[in-house]
Each structure stands twice: as C-alpha cells, then as structure tokens.
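Participant: quick one, what's the 3D model for this:
(chains A and B)
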Number of protein chains: 2
Amino acid sequence: MKTGFLGLCGQKVDAIEHHEAEIKKLSKEIAEERERVKKDPKAIMPAAFVSFKSRWGAAVCAQTQQSRDPTSWLTEWAPEPCDVYWLNLPIPYVSLAIRRLIMAVAFFFLTFFFMIPIASVQALASIEGLEKVAPFLKPIIDMKFIKSVIQGILPGLALKLFLIFLPTILMIMAKFEGFTSKSSLERRAATRYYLFNLVNVFLGSIVAGSALEQLNAYIKQSANEIPRTIGVAVPLRATFFITYIMVDGWAGIAGEILMLKPLIIYHLKNFFLVKTEKDREEAMDPGSLGFNTGEPQIQLYFLLGLVYAAVTPALLPFIVIFFGLAYVVFRHQIINVYNQEYESAAAFWPDVHGRIIIALLISQVALIGLLTSKKAAQSTPFLIALVVLTIWFYTFCKGRYEPAFVRYPLQEAMMKDTLERAREPNLNLKPYLQNAYIHPVFKEEDEVDEFDFNSENESVLVPTKRQSRRSTPAPSRISGASSPSLPPEVVPEHPERAS
Amino acid sequence: MKTGFLGLCGQKVDAIEHHEAEIKKLSKEIAEERERVKKDPKAIMPAAFVSFKSRWGAAVCAQTQQSRDPTSWLTEWAPEPCDVYWLNLPIPYVSLAIRRLIMAVAFFFLTFFFMIPIASVQALASIEGLEKVAPFLKPIIDMKFIKSVIQGILPGLALKLFLIFLPTILMIMAKFEGFTSKSSLERRAATRYYLFNLVNVFLGSIVAGSALEQLNAYIKQSANEIPRTIGVAVPLRATFFITYIMVDGWAGIAGEILMLKPLIIYHLKNFFLVKTEKDREEAMDPGSLGFNTGEPQIQLYFLLGLVYAAVTPALLPFIVIFFGLAYVVFRHQIINVYNQEYESAAAFWPDVHGRIIIALLISQVALIGLLTSKKAAQSTPFLIALVVLTIWFYTFCKGRYEPAFVRYPLQEAMMKDTLERAREPNLNLKPYLQNAYIHPVFKEEDEVDEFDFNSENESVLVPTKRQSRRSTPAPSRISGASSPSLPPEVVPEHPERAS
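Facilitator: Sure, this is the predicted structure:
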C-alpha cells in the first residue's frame, strides 16, 4: 500500500502495519486531547450532573429553587444518559429566552410565508425562467423529453423538497432553542410540525389558498364570521380529505412497513462501504422511530376524524382503517425493528392530550359555524357552553394529572428508598454512576461493549428480533441492580447571572 | 333592672350581679362548646398548619409534591396568621376547580350583561313604572318636589348603587372560589375589578354604548378594524377623560383623606353605642386599606396615562397631579391611619406588573390603529414588533422574577437557619407556634391582649399616631425573638381524593 493521496502515490508500506501504527498514533492523540480538555479551565461547562444517595434527595433538589437568583443554580430532572443533547447544556438563561423569542417569530414566518421563496424558486424552475438564467442550457431544454420533465416535475419538486426537509428544519430550530434532551427536542419539533400541518394542510385545504392569503382573509373577517366560513367549507371538502387519507395516510403506513429508504441505504452501504461484520450490523441499523414526524401526522388524522364525525360520518371508516393499520404496523415496527434512542417516561403524552383538546375545540367551532349557516342558530349557546367546558376540562386535567409527568412525589421516593435499603443494604451504585453521565467522547469503547454484554444476558424481558442493542437505554442495563425508576440525578445549571 | 324583653318587663334584679352571672354562664357554655368541637370527629378539617424546626424543612415541604395523587396532600406556604381566611380551608380540589369555572362564567356575564337588570330596575324606577306597580303611591308621586327627585335621581341611583356594591360582589365571588388567605381574596377581587373597569369605563367610554353593545360591535368587526376603531376614538375622548380624572380621580383622593364614611360611622357609633373606653377605641378603628378597590382604580389612571402619552399629551399633567396627590395621601393614610389586617410580602406586585403590561399593549394597539387611519400604515410592522417584544418581556420577567414572590430558595433558608442556630442555640419557638395558628374562636382573649402589650413595647420601629395596634400582623409581635422572615409553616391540604 502506498501512503500518499488515496493510496495512489508515495512510499510503499505494509498495509496492516501501517494502519496499526496509525491507530496507535491516533489513540495517543485522543488520550492527550482528553487529558488537555479535562485540565483546561475553559472547557468547564456551566452545567453538571449530580448523583444523589437517595431518591428523596434527588426529588427535593429537582423540585426546589436553590438560589435567590432564579436564573442561576437551576435544577431539573436529568434525562436518560442516551437522551442528553450535550451541545445545549451550557446555554445561559437570558440567551435561552432570546433564542425562544427568535424561534417563535421565525416559526410564524415559516408557517405563513413559506410559499414566497418557494414560488420564486418555482418561477425560476419554469422553462422560461431557466432559459433566461442559463441561456447555454437552451439546446438541452428544447429537447422534447426533458422539456416535458421540467414542465411536469420541477415546479412541484420545490414544494415537495421543502416539505421533505421541513422536519429537519424544525429540528434545527428546536436545537437552536436550547433544549437539553433529545426527547424534548423531538417534542418541540413535533408541536411545530403539528401547527404547520394544522394551518397549511387542514385550514389550507378548507379555505383554499396559501396560508398567507388565509391569514389575510381571517384578519379581514369578523370574529363571528370565521366559524361560519369554516363550518360551511368543512362538508364541501370531505371528498378531498377522503382522498388525502388514502393517498397520504394509507400509503404512508404502507411505506412505513416497507422501510424503503433504509432498505436502499442498507444495500448501497453494503455494496460500497461494508468491510467487516460490525460494519454490516451498523449499516442494518434502522434508526429510531421519528416521533417528530409520525406523531403530528397521526394527530392530524385524529383531528379530521373529530371534525367530520358529526358533519360527514362517511369519512370515519377511512380514518378507522388508517388507525387500525397504523396500530398494527407501528406496534410491529417498535417491537421488532427500531432501536429507540431514548425512553422519556411518557413525556409525550401531555402534548398529545393538548392536541386532542385543540382538535375537539376546532371541531366544535366548525359545528357552531355549520349550524349557524343551517338556520339552527339557537343551538349556538349550548355549543359555546361545550367550548367553555372543554377548555375547563383541559385546565382541570393539567392541574390534576400533569404533575405526574413533571414531578416526582416525595412519598414514592421515600418508599422506594426504604424498600431498597431493606432489600440490599450494601448496594453500591457509585461505580455505575461514575460512568453513567459521561460525554460520549470520553467513553471508552470497551466499557460500552461490556455493558451491552450484560444487558443481553440480564434484561431481555420481551424477546425481540433485534440484532443489535447498541442504543437500548440505560435503565434496562442496570435493571438487575435497581428497580426501574427515574434515575436519581438532576442537572443543576448555573449559567452566567443575568443583570 | 328587669330580666325580660329589652329590660322592660320581668323580675327585677341587680344589674351588675345579673350580668356577671350571665357572663359566667356564657363563658362556661363557650368552654363546653370548645371541648365538644375539639373532640368531635366531624369537626376535623381536611387541612392543617404544620410548623417545622428549620426554614429549610418548610421550604422543601412547600415546594415539593408529597403524594402520588396531586390532589391530596397539597402543600403551600401558610399565609400570616391574621391573613388566614378560615372558612375556605377545607374545600377539596375538585370542588375548587368547579367553583373557579362557575365564577369565571359568572364574571363574564357580570361584565357584559350587568346593564340588563339595571335597565329593568331603571324602567321600574321611572314615574310611569312606579305608578303602574304601586298605584296607591300616586298622590305622593304627583307632588312636584318628589316628582322632580324621582325623575332626577332614581334612574341614576340604581346604577350608582350597583357600582358601590360591585367590590363587595366581587369579594363574595372570590370567597366562593375558595382562596385561603385574605390577601389572595383581595388580589382576585382586584383583578376582576380592574377588568370590569377596563371594559366598562375605558372601552365603554371610547366606543360609546354598554359593554354588551360593544361586544356585539367587536364580534362583528374584523380583527384589523378593531385597532382602527379604538385608535380613531381615543383622541376624540381626551376631554372626557380629563373631566373623568378630575371628577373621579382628584375628588376620590380628596374623599380618601377626608375619610367621610368612617367619620360619620364613628360619630353615629359614639352617640348610640359607645359605653366604655374600649368601645370608643373600637369605633375609631378606620379599618384597613381597601386594596381591592384602590389598586385597580390607580391602575386605570396608569392605563389612561400610557394610552394618551403619545396621542394627547395634554392629558398627562392631570394624571401627574393625580399620582402626586395619591402618593402624598396614601402614604399618610398607610403610615398614620389604617390598621392593615395582614402583610403579604409584596404578593400584589406580580399582578400590578401584569396590568402595566396590559396597559402597554392596549396603548400600542391604539397607536397602531391611529397611525393606520392617519395614512402612516408603513409604521405598523415596527409597532407589531413592539407588541411582540412587550409580550416577550412579560414572559421573561415572569420566569426571571416571579419565583422570588412564590418560592423560597433553599440557600436563603439554610443561611438563616445556620445563622439563627449560631446566634441563639437555645431558641424555643414552640410556645409561640402552639398558639400562632389557632382559629380565632379558640383564642383566649387575655392572651391576645398580652401579645399586644409586648408588641407595644418591643417592636414600634416607625413611630406612628395609631392608637390601637389590635390588628398589627404577627411577625412584628415576635420580632424580638426571631429575625423577620416568612413564617416556617405550610398548609398541607388533603381533601377527598378525586376519582
């Protein structure tokens, strides 16, 4: 083998010896860099993971305010080790507030004005536009086949590409906002994606036209005309939504079970890159379930079902078939296919519940509008009472059930502590805890493998067809040692003090 | 003296002996009733005051969730002993949620439909109405003097009476909602009174007509016409508001310093009821400052100042004079006149801050509307950015500063605990704490007097002209013993579990 550019030139050496020397050199450099970062005062993050001796201590620390300045020494429950998004840990409080403002404004413009750049790209992508910008392409464009391709596909392509990249854009926006765990990033991206779909797919189909035109129309309409506009348009668009459910919903589910994209990528990788068994296993990794796109889409169908349940029940069978298929397919995918990156203890549910309430409210408003236009306006007071009661139900549920998702009652913590102390008085979690929350670059590769080995032996509760358990979350790894529960760690952040 | 009805009939006995015997009998009955209530299992309240040995323990308990069911074992900071509203302590969680819903709906109707019953009363109070309902009054009504009185005063009287009783109505509504301290009752009543004034005085004067007509007008207008309607009407109503400030504001301040109502009541009481020195002192008690009416009115003037600052600056001197007078008068009243019932540690400020933000937003919206109608619509985007930034500023302040009002940082608690232990290692608060949170009926009269005596000697920091310190709050009573701070007690409530 030659040492030069792409192995084509330079000195000739033995390949194995050369690579071994390279690995040694790189390992040494990595170790040196690690030592340097550990000692460098500039590399100290204004955030830390703290482990507690008891669950009670962790629960107290996570739920109370530590310092007089509420922007410093903030504590919150630490996410799972696999769930930590390391890049966002050191963002100070004031910066977070500003980032959230910027992203809220950006999302507003993204939702209502995304058609402007796309329309200009479409104008550019038309034949006249292309000939104008790049006259040298004219002979190619004038060929009949290419001309029809450009006319048929290009204009739609810009919109389609935007919609494909939208979840990624929303994910980047969420990352910019500074959430510290992957699960909260996905939750935020999912909320935004749902709102985008609600405005641009649901309302955009009902009141034809782009979101910008709609915004204009709604601002110019009076408050009691908006429900009527929606109510009148809803039954008219039923056939469109039936088609939409079949084309987007059913086909989407079929695509989900086909896993076409991972299949193609696997075969490409297998052909070009795979050299060892480990490479092959990595290439076969199907990734994790995309909550940030799948969940909002399912919620959109739920919204359609609620809105049309009273207006056009003929749409309901299509929704039911969709949900039946989705249940079977996603159940199979989650159990047998995906390697979920993290577990977030049902942290998604409050969001889902909130969106169901939004869907209920929209269906009630549409019903009010429809009944008003059908000369049944005397039913409106009852429906308004229904809206008020729905909102009240939401606030009640928030007070009654949300604490179960965000707080950890002291009674529970104490009970588990006492139980554990009685059962295993000599339990020492320290060695495990020492390595639990370490930045991935500091993790020794062999340690991870060792944990994998343990988990394979101890904690396979549901037999699955998974080949690799690389990204199984931590609790199952230590399930032999401690009862599964929220890990007793919190993240105290102490960013720079605000003025 | 005779023992019968009103001392007019019955057996003749010696007055002093008889009354002493009566007092003895009643005291015995009171003691028996107290014993009975203490032992009666039905009299146990599902709420308790808990005292902690350290501030740290209290802070932890108040800020954490105790039980898995978030509706039972709720903990919160106990209000001052004088601030407790005893009747509302035992209301369970679900009932609270329902009460709040009912009151929200009731307040909506009160704000927008209060003119309906008043208009019907006014119709009744007119001469024709009176003659119809009570024909036997006809000879009296036909007298010229009485006729002019009825025509001139009666119709306005109904509205005036309603407005006088409005704060009381709002206070009763707040009590029904189940707040557990007098300060939170007043806060809620103040919020409602402000909203009522905002809708019926400010908007009601700008868009002439009752609130109901306004509601109708706003619903029928489109969203971008509402700012214009307000913006155009605002400068036209400037002279009206100048008159309003002089008549209601300046005269109100003058009335505040005159204290006409307490003066009359005192002289009436002095004439008819006062028999001993203690009676006279009680009759002279001017009560406490009515936060629930005074604060919203001052905020209304603040709103007027903000709205007119850019539109009609000629109104500003009147506002400035009002605030100058109000400062001087209220400062004097608070220091020298009123016996404040409770201290709430500035718990009012977050509400005040929120209302200032509302006033800012209204002034900005009015400005947008005005500039749009004056053909300066190109400034609108900047003003909309201003609105967004104002809302963001509010959320930022809420996150940054509100915790200081509702939570008690552990660091502070620990510092004070350590300091206290070092300074007074043998401090025993138990005897004080045992009697601090006792229902008023269980309090021995002489004990209270004793405390009064102590406070007179020990804690008069600001020399005032007050005669009676009966209702001075507790911390000053023990200020000789412990540094003033939030009392280390919390109220755990454990109402019946919700389903």
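Participant: what about the residue in the stretch 351-499 of chain A that chain B sits nearest to, neighbour count?
Facilitator: Proximity of the stretch 351-499 of chain A to chain B (CB to the nearest CB) peaks at A:Pro403, 4.0 Å away. All C-beta atoms are positioned from the backbone trio N, CA, C, and that covers glycine. A:Pro403 has 16 neighbours, counted by other CB atoms under 10 Å in any protein chain shown.
Participant: please, where are all the strands along chain A?
Facilitator: Counting by DSSP state E, chain A has strands at residues A:50-51, A:74-77, A:489-493.
Participant: just the mean pLDDT for the last one, thanks.
Facilitator: The average pLDDT for strand A:489-493 rounds to 45.
Participant: likewise for the first one?
Facilitator: Model confidence over strand A:50-51 averages 80 on the pLDDT scale.
Participant: what does stretch A:21-34 give?
Facilitator: Rounded mean pLDDT across stretch A:21-34 is 87.
Participant: now what about that stretch, what contacts it?
Facilitator: Contact with stretch A:21-34 is made by A:Val441, A:Phe442, as judged by CB atoms under 8 Å, 6 or more residues apart in numbering or on different chains.
Participant: repeat for stretch A:172-180
Facilitator: A:47, A:79, A:84-85, A:87-89, A:91, A:95-96, A:99-100, A:102-103, A:106-107, A:185-186, A:188-189, A:192, A:491.
Participant: for that stretch, output the C-alpha coordinates as PDB.
Facilitator: Taking C-alpha atoms only, stretch A:172-180 is exported to PDB below (Å, rounded to 0.1, in the frame of the first residue of the first chain):
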ATOM      1  CA  ILE A 172     -32.700  22.500  13.800                       C
ATOM      2  CA  MET A 173     -34.900  25.300  15.100                       C
ATOM      3  CA  ALA A 174     -35.600  23.200  18.300                       C
ATOM      4  CA  LYS A 175     -31.900  22.600  18.700                       C
ATOM      5  CA  PHE A 176     -31.200  26.400  18.400                       C
ATOM      6  CA  GLU A 177     -33.800  26.900  21.200                       C
ATOM      7  CA  GLY A 178     -31.500  25.100  23.600                       C
ATOM      8  CA  PHE A 179     -33.400  22.100  24.900                       C
ATOM      9  CA  THR A 180     -31.100  19.700  26.800                       C
END
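Participant: next, the buried residues of it.
Facilitator: The neighbour-count check on stretch A:172-180 (16 or more other CB atoms under 10 Å in any protein chain shown) flags A:Met173, A:Ala174, A:Lys175, A:Glu177, A:Gly178, A:Phe179, A:Thr180 as buried.
Participant: so where's chain A shaky on pLDDT?
Facilitator: Within chain A, the ranges that satisfy pLDDT under 70 run A:1-12, A:124-130, A:141, A:151-152, A:155, A:208-220, A:222-223, A:377, A:443-499.
Participant: nearest the geometric middle of it, what residue?
Facilitator: When chain A is reduced to its mean C-alpha position, the closest residue under CA atoms, centre = their mean turns out to be A:Glu186, at 2.4 Å.
Participant: I figured A:Ala314 hits A:Ala238, correct?
Facilitator: Yes: taking CB atoms under 8 Å as the definition, A:Ala314 is a contact partner of A:Ala238 at 7.0 Å.
Participant: tell me which of those two has more neighbours.
Facilitator: Ranked by neighbour count (other CB under 10 Å), A:Ala314 and A:Ala238 place A:Ala238 first, with 17 against 11.
Participant: how much space between that one and B:Gly231?
Facilitator: 42 Å (CB to CB, to the nearest Å).
Participant: if we can go back for a sec, dump the residue contacts of the closest residue to the residue of the stretch 351-499 of chain A closest to chain B other than its chain neighbours.
Facilitator: Of all residues not flanking A:Pro403 in the chain, B:Pro70 sits nearest, at 4.0 Å (CB to CB, 6 or more residues apart in numbering or on different chains). Neighbouring residues of B:Pro70 by CB under 8 Å, 6+ apart: A:Gly399, A:Arg400, A:Tyr401, A:Pro403, A:Ala404, A:Arg407.
Participant: ok so, going back, what's the farthest-apart pair in the buried residues of stretch A:172-180?
Facilitator: The largest separation in those, counting by CB to CB, is between A:Met173 and A:Thr180 at 15.7 Å.
Participant: chain B contacts on chain A?
Facilitator: Residues of chain A lying close to chain B (CB under 8 Å from any CB of the partner chain) are A:59-60, A:63-68, A:70-71, A:73, A:93, A:97, A:101, A:105, A:218-224, A:388-389, A:392, A:395-396, A:399-401, A:403-404, A:407-412, A:498.
Participant: now, of those residues, which are buried?
Facilitator: Applying 16+ other CB under 10 Å to the residues of chain A next to chain B flags A:59-60, A:63-67, A:70-71, A:73, A:93, A:97, A:101, A:218, A:221-222, A:224, A:392, A:396, A:400, A:403-404, A:408-412 as buried.
Participant: turn the contacts of B:Pro70 into JSON lines, columns for distance to B:Ile23.
Facilitator: Formatted as JSON lines, the contacts of B:Pro70 follow (distance: CB to CB, whole Å):
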{"residue": "A:Gly399", "distance to B:Ile23": "49"}
{"residue": "A:Arg400", "distance to B:Ile23": "51"}
{"residue": "A:Tyr401", "distance to B:Ile23": "55"}
{"residue": "A:Pro403", "distance to B:Ile23": "52"}
{"residue": "A:Ala404", "distance to B:Ile23": "56"}
{"residue": "A:Arg407", "distance to B:Ile23": "54"}
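Participant: do you know how far A:Met414 is from B:Arg99?
Facilitator: When A:Met414 is compared with B:Arg99 (using CB to CB), they lie 33 Å apart.
Participant: repeat for A:Tyr401
Facilitator: 20 Å.
Participant: please apply the same query to A:Thr312.
Facilitator: A:Thr312 is 39 Å from B:Arg99, by CB to CB.
Participant: and what of A:Ala58?
Facilitator: Using CB to CB, one obtains 36 Å as the distance from A:Ala58 to B:Arg99.
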